[in-house]
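Participant: sequence and predicted structure, then a few things I'm wondering about:
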Amino acid sequence: MAETEVKSNSCADDLEKHVMKVFEEATKDCEDKVLKEIFDSIGDYGDLNKYAISVFNSMANDKFIEVARELFKPRSESTAVLPDVAIYTVVIWACISAGKIMAAHKVYHHMIANGVAPTSCTYIILINTLATNSSSDVNFVGYAKKYFLEMLDKGMTPISSSYMAVFKAIARQEPVEKAREFLEQIQTKGFSPKLDVPHFDVAYMEEAMNALKMSDLLINATTDNKLQKLYREWSTTRKPLRDEFPKMYKALKADGNDDQAMELYRRAWDTNIIPEVVLHTGVIEDCLKAGNTECALKAYRTMLATGVAPNSYTYTVLIKGLTADPHFVEDAKKCLLEMMDKGMRPNAATYTAVIEGFARQEDKEAEEEGKQFVEVMMGKGLEPNVKAMMEVLKGRPKGVIRRVISIVLSKLKG
């Protein structure tokens with residue numbers, strides 16, 4: 001019994017030494033200072049195992065739990081030592097986490113050259129990373145497609161996020177014919193994504209691709225560096241868009257704009273892509289929150305220049321934001337009238353904000369402009385609701401409230 005235990009321990013020691021050699025091979029060409037510090041801190045198998053556990057936990061948090069378990073499955077029941085593929089994949093993960101995608105790809109090639117077969121986890125990490133960063137290297141989309149097809153050839157099933165990442169990379173970098181070709185290839189190999197991924201339907205593909213390309217187009221539609229940065233952040237970061245979409249939908253419904261709300265929902269459902277109006281409106285809101293009214297107005301003009309139609313919520317956000325700056329009250333008035341000319345009805349908070357913008361100037365000329373604005377607004381079929389306006393004006397200085405109501409009543413009496 002004791003002899004068997006000694007042999008078992010000896011076998012485990014040999015495997016651990018082997019694994020450390022694999023780790024050294026995988027990291028030998030690392031030139032990045034940050035990565036070198038991480039790799040140099042791993043002096044023995046115990047350190048490597050701890051690092052591997054931290055990577056496993058990160059993968060599990062990213063919903064890769066099943067493929068992560070497959071990757072880190074021990075060589076055998078008797079020796080809980082990490083397999084070679086797990087070591088290479090951990091190094092690939094480390095490179096990607098440090099933003100070194102080319103280095104990660106190089107490690108993958110080392111892995112293949114040394115006869116180590118990738119698991120589903122290895123492929124998924126590479127595919128998602130290469131596809132997501134395809135704009136930084138024209139070759140990345142090709143590699144992402146190649147590895148996706150390799151997975152299918154080996155009987156592995158890519159997850160939906162990998163399919164979506166590759167699809168979006170093709171949409172941004174290649175013509176629609178390439179997307180159709182890719183769809184035919186994966187269909188031939190028996191791949192069908194989950195039912196909640198409508199991009200698989202060719203009928204929606206071209207519209208979805210055009211929407212994705214628009215995200216890149218609008219970044220180049222302005223020369224304002226701050227605005228370009230905002231567009232890039234909104235285009236590449238999913239969470240703000242996911243948060244903005246329900247906010248816009250609920251606001252449209254609350255104001256009685258059911259048709260616009262359903263159109264927003266339909267477009268998102270049909271293409272599985274959040275409509276561009278959401279992105280533009282989010283950028284406008286960010287500009288206004290930062291106190292940069294000029295930037296918000298530029299964002300609105302960029303929106304129009306790229307052919308994206310604002311909805312009632314976009315106008316509400318923009319108009320109320322413009323009126324907060326006395327230098328842009330005239331712009332707010334123009335936007336509100338433009339909104340009405342497009343058949344959209346502003347809510348009480350929106351038209352009150354414009355009238356208040358004139359009233360706050362405490363100037364007879366501005367007050368007359370306010371009265372003319374109310375007259376034009378009424379001529380377009382919208383009569384101000386004084387009761388609703390009083391609700392909006394709660395908490396304002398009494399002088400401002402008095403001037404706002406005076407402007408409105410002068411026209412209502414007439």
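Facilitator: Received the coordinates, thanks.
Participant: so who does the spatially closest residue to Val392 that is not a sequence neighbour touch?
Facilitator: Spatially, and ignoring its direct neighbours in sequence, Val392 is nearest to Thr352 (4.5 Å; CB to CB, 6 or more residues apart in numbering). The way it works is simple: take the backbone N, C-alpha and C, and place the C-beta from them, glycine included. Neighbour list for Thr352: Pro384, Ala388, Met389, Val392, Leu393, Val404 [criterion: CB atoms under 8 Å, 6 or more residues apart in numbering].
Participant: following the helix or strand harbouring Thr352, which helix or strand comes up?
Facilitator: Per DSSP states H and E: Thr352 is located in helix 348-359. Taking DSSP H and E as the definition, the helix or strand that follows helix 348-359 towards the C-terminus is helix 364-379.
Participant: got the angle for that next one vs helix 348-359?
Facilitator: 150 degrees (axes from the mean of the first three to the mean of the last three CA atoms, to 10 degrees).
Participant: point me to the helix or strand that includes Arg396.
Facilitator: For Arg396, no secondary-structure element claims it when assigned by DSSP H and E, so it is in no helix or strand.
Participant: show me what contacts it?
Facilitator: Arg396 makes contact with Glu356, according to CB under 8 Å, 6+ apart.
Participant: likewise the one 4 residues further on?
Facilitator: Contact criterion CB under 8 Å, 6+ apart gives Glu356, Ala359, Arg360, Leu393 as the residues in contact with Val400.
Participant: mind doing that once more with 6 Å?
Facilitator: Neighbour list for Val400: Ala359, Arg360 [criterion: CB atoms under 6 Å, 6 or more residues apart in numbering].
Participant: mean confidence for the helix or strand harbouring it?
Facilitator: Secondary structure assignment for Val400, by DSSP H and E: helix 398-413. Per-residue pLDDT values over helix 398-413 give a mean of 86.
Participant: same check, this time on stretch 161-175
Facilitator: Mean pLDDT, stretch 161-175: 81.
Participant: what comes up buried for that stretch?
Facilitator: Going by neighbour count (16 or more other CB atoms under 10 Å), the buried part of stretch 161-175 is 161-174.
Participant: next one: it to chain centre, how far?
Facilitator: Remark: stretch 161-175 is offset 14 Å from the chain centroid, using CA atoms, centre = their mean, to the nearest Å.
Participant: with stretch 339-353 instead?
Facilitator: If you compare the mean C-alpha spot of stretch 339-353 with that of the full chain, they lie 30 Å apart, counting by CA atoms, centre = their mean.
Participant: mind listing what's buried in it?
Facilitator: If you call a residue buried by 16+ other CB under 10 Å, then stretch 339-353 has these buried ones: Met339, Met340, Met344, Pro346, Asn347, Ala348, Ala349, Thr350, Tyr351, Thr352, Ala353.
Participant: swap in stretch 321-329?
Facilitator: Applying 16+ other CB under 10 Å to stretch 321-329 flags Gly321, Leu322, Thr323, Asp325, Phe328, Val329 as buried.
Participant: ditto for stretch 75-92
Facilitator: 75, 81-92.
Participant: what segments of the stretch 201-350 of the chain are strands?
Facilitator: With DSSP state E, counting those that start in this stretch, there are no strands along the stretch 201-350 of the chain.
Participant: contacting residues around the closest residue to Phe64 other than its chain neighbours?
Facilitator: The spatial neighbour of Phe64 that comes closest, neighbours along the chain excluded (CB to CB, 6+ apart), is Cys121 at 6.3 Å. With contacts defined as CB under 6 Å, 6+ apart, the neighbours of Cys121 are Val67, Ala68, Leu71.
Participant: got it, and Cys287?
Facilitator: By CB under 6 Å, 6+ apart, Cys287 lies in contact with Cys295, Ala296, Ala299.
Participant: ditto for Leu279
Facilitator: Counting by CB under 6 Å, 6+ apart, the residues that Leu279 touches are Trp234.
Participant: from Ala268, how far out is it?
Facilitator: According to CB to CB, to the nearest Å, Leu279 stands 12 Å off from Ala268.
Participant: hang on, the earlier thing: how about the buried residues of stretch 321-329 in TSV, adding distance to Ile273 and pLDDT?
Facilitator: As requested, those are arranged in TSV below (distance: CB to CB, whole Å; pLDDT from 0 to 100):
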residue	distance to Ile273	pLDDT
Gly321	26	95
Leu322	29	95
Thr323	32	94
Asp325	33	91
Phe328	32	94
Val329	36	92
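Participant: and the residues you listed, which of them are in helices?
Facilitator: Gly321, Leu322, Thr323, Val329 (DSSP state H).
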